[in-house]
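*Asks:* A structural model of the following input is requested.
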Amino acid sequence: GLFVDGVYGGRSRQFMLPFFDIEQVEVLRGPQGAAFGVNTSAGAVSITSAKPTKDLMARVSASYEFEFDSYEVGTVVSGPLTDQLQGRIAVQYQDIGGYLHNTVTGDDSPEYENTLMRGSLAWQPTENLSASLKLEHANFDMYGNSYQRILLPEYIDDDKLETAGFGQKDVDKTDATNLTLRADYSIAEGTLTSITGISKYNYDKYINADAMPTNTWLTRFQEDFQQFSQEFRFVSVTGGKFDYLVGGYFQYNEIDPLIATTRTIFPTTAGPFNGTSEVNYQQDDQMYSVFGSLGWNFLDHWRLVGDLRYTDDDKDATQQRQIVSGFLPPNWGAQRLDGSRSDSTLDPGVKLQWLPSEDLMVYASYAEGSKSGTWQGSSRDVTAANWALQGESSENYEVGVKAKLLDGRAFISATIFNTDFKDLQVSRWNGTS
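*Replies:* Purely as a prediction, here's the structure:
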């Protein structure tokens, strides 16, 4: 699972350029269900964007890559606006040339043109209260594709990738917007944190999937997605015999809609097929969870930590399939599928730590993770029997040691772990369908 400034990004187009102007990246291996929630059955990546500074700073970067004629420019400006308010602006532009040279057309593809704009504010109205607001917008355009057909014997002398099938070139355009609001309020017993996230994107993508110089197969994907999330958590102060964390999380997202349109001219013994088909997929997802963690410093240099999260995930979906025009395979014909499911999961974790010094930790841990069930959204040949995917679960056993050496100038980590998955969800392309 991917988390950017505490906001979950379950779809790859939500955060299009998360590694620009960042403060830190955490990569957590193994199930993270108790700490981060569902959909982290194999681990989590947590990215923290750079924060506004109290001192004025500015940075400009530029790079040029000669082999593929690519360049990138970026700038960051940060500093105080008032005594209690700071701001930061980060902008990056990329123009990336294609790395695949088509020997017939002379084109290089795929080519990318990407823009990211991010603005953030940090506010400290009192000693106990701080807040931050981040708004970013990304525009990503890709032209061309990353393959070239060379083997079909009937086209052995014409190995070009089709560049404009049915009059449409391969193109992939995404617009994504994210808003994050965080507030921290400190009291003697600990810190209360609120994280509010709004995320949305839309994309439009054309694929000449046949890769032949004839008008054979063109697919268009369009999707609109939006998500709202809210988390509250309280973290106690540390240093005593016990410390703890408790919290709650709510998330709602919707795909409204995901449309896959296919234009086909394909001569076969059952055809010839010549027509246009469409698959329209819509999904609503509402999730809430409660979670907690308790740490017990029960002996000198020994610590036991227990984590637990309960999650309820309710989803509704509809897929409508139709032949818009022409004659196409019968299994692409009109069909409506409706689905509704509720997944309830309990993800525990426990860790025993031995800390003989500030520079050494030896540990053993056990954790479970989960991923909710779902449906095959835009697949055109599914039936009621194979449309749904079951939820995924995992459990991990791990022992390891982490040590700092040479006054912190060196770090050593050694781990032995075993992760078992049940009902693992994977994606593959079935070329016979």
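*Asks:* Please spell out the segments of the stretch 251-400 of the chain that come in under the pLDDT threshold.
*Replies:* For the stretch 251-400 of the chain, the stretches with pLDDT under 70 are 267-271.
*Asks:* quick one, strands of it?
*Replies:* Shown for the stretch 251-400 of the chain, the strands assigned by DSSP state E, counting those that start in this stretch span residues 273-299, 302-327, 335-357, 360-371, 374-375, 388-389, 392-405.
*Asks:* Would you convert these into JSON lines that also reports distance to V382?
*Replies:* Heads up, the C-betas are built off the backbone N, CA and C, glycines and all. Formatted as JSON lines, the strands of the stretch 251-400 of the chain follow (distance: least, C-beta to C-beta, whole Å):
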{"stretch": "strand 273-299", "distance to V382": "9"}
{"stretch": "strand 302-327", "distance to V382": "8"}
{"stretch": "strand 335-357", "distance to V382": "7"}
{"stretch": "strand 360-371", "distance to V382": "20"}
{"stretch": "strand 374-375", "distance to V382": "8"}
{"stretch": "strand 388-389", "distance to V382": "9"}
{"stretch": "strand 392-405", "distance to V382": "19"}
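*Asks:* right, and these - which one's nearest V77?
*Replies:* Of all these, strand 392-405 sits nearest to V77, with 35.3 Å by C-beta to C-beta.
*Asks:* Reformat the strands of the stretch 251-400 of the chain as CSV; add mean neighbour count and distance to Y99.
*Replies:* Formatted as CSV, the strands of the stretch 251-400 of the chain follow (neighbours: other C-beta atoms under 10 Å; distance: least, C-beta to C-beta, whole Å):
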stretch, mean neighbour count, distance to Y99
strand 273-299, 17, 32
strand 302-327, 17, 36
strand 335-357, 15, 40
strand 360-371, 20, 33
strand 374-375, 20, 34
strand 388-389, 16, 34
strand 392-405, 17, 34
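*Asks:* I'd like to know which of these is closest to G30.
*Replies:* Of all the strands of the stretch 251-400 of the chain, strand 392-405 sits nearest to G30, with 4.0 Å by C-beta to C-beta.
*Asks:* packing partners for that closest one?
*Replies:* The helices and strands touching strand 392-405, judged by 3 or more C-beta pairs under 8 Å, 6 or more residues apart in numbering; DSSP states H and E, are strand 360-371, strand 410-422.
*Asks:* Measure how it sits relative to strand 410-422, angle-wise.
*Replies:* Here strand 392-405 runs at an angle of 170 degrees relative to strand 410-422 (axes from the mean of the first three to the mean of the last three C-alpha atoms, to 10 degrees).
*Asks:* Put the alpha carbons of strand 392-405 into PDB.
*Replies:* What follows is the C-alpha trace of strand 392-405 in PDB, where atoms were taken according to Å, rounded to 0.1, in the frame of the first residue of the first chain:
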ATOM      1  CA  GLU A 392      -6.600 -11.700   0.400                       C
ATOM      2  CA  SER A 393      -4.900 -12.400   3.700                       C
ATOM      3  CA  SER A 394      -1.300 -12.900   4.800                       C
ATOM      4  CA  GLU A 395       0.700 -13.700   7.900                       C
ATOM      5  CA  ASN A 396       4.400 -13.000   8.600                       C
ATOM      6  CA  TYR A 397       7.000 -14.400  11.000                       C
ATOM      7  CA  GLU A 398      10.200 -12.400  11.400                       C
ATOM      8  CA  VAL A 399      13.300 -12.200  13.500                       C
ATOM      9  CA  GLY A 400      16.000  -9.600  13.000                       C
ATOM     10  CA  VAL A 401      18.700  -7.300  14.400                       C
ATOM     11  CA  LYS A 402      19.400  -3.600  13.700                       C
ATOM     12  CA  ALA A 403      22.600  -1.900  14.800                       C
ATOM     13  CA  LYS A 404      24.300   1.400  14.400                       C
ATOM     14  CA  LEU A 405      28.100   1.500  14.200                       C
END
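*Asks:* partners of it, with directions?
*Replies:* Strand 392-405 pairs in its sheet with strand 360-371 (antiparallel), strand 410-422 (antiparallel), by DSSP bridges.
*Asks:* how far is it from where the chain is centred?
*Replies:* In terms of C-alpha atoms, centre = their mean, to the nearest Å, the centre of strand 392-405 is found 23 Å from the chain centre.
*Asks:* Not counting that strand itself, show me its contacts.
*Replies:* 30-31, 41-42, 345, 358-371, 410-425 (C-beta atoms under 8 Å, 6 or more residues apart in numbering).
*Asks:* on that earlier part again, is it possible to export the helices and strands packed on strand 392-405 to JSON lines including distance to S277?
*Replies:* Below are the helices and strands packed on strand 392-405 laid out as JSON lines (distance: least, C-beta to C-beta, whole Å):
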{"stretch": "strand 360-371", "distance to S277": "30"}
{"stretch": "strand 410-422", "distance to S277": "34"}
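*Asks:* so which of those strands comes closest to W302?
*Replies:* Smallest distance to W302 across the helices and strands packed on strand 392-405 (C-beta to C-beta): 10.4 Å, for strand 360-371.
*Asks:* tell me the angle that closest one makes with strand 335-357.
*Replies:* Taking the same axes, to 10 degrees, one finds strand 360-371 and strand 335-357 inclined to each other by 170 degrees.
*Asks:* Show residues contacting strand 360-371.
*Replies:* 30-34, 38-42, 307, 311, 343, 345, 347-355, 391-404, 425.
*Asks:* Give me the distance between it and the centre of its chain.
*Replies:* Its chain's average C-alpha position is 23 Å from that of strand 360-371, according to C-alpha atoms, centre = their mean.
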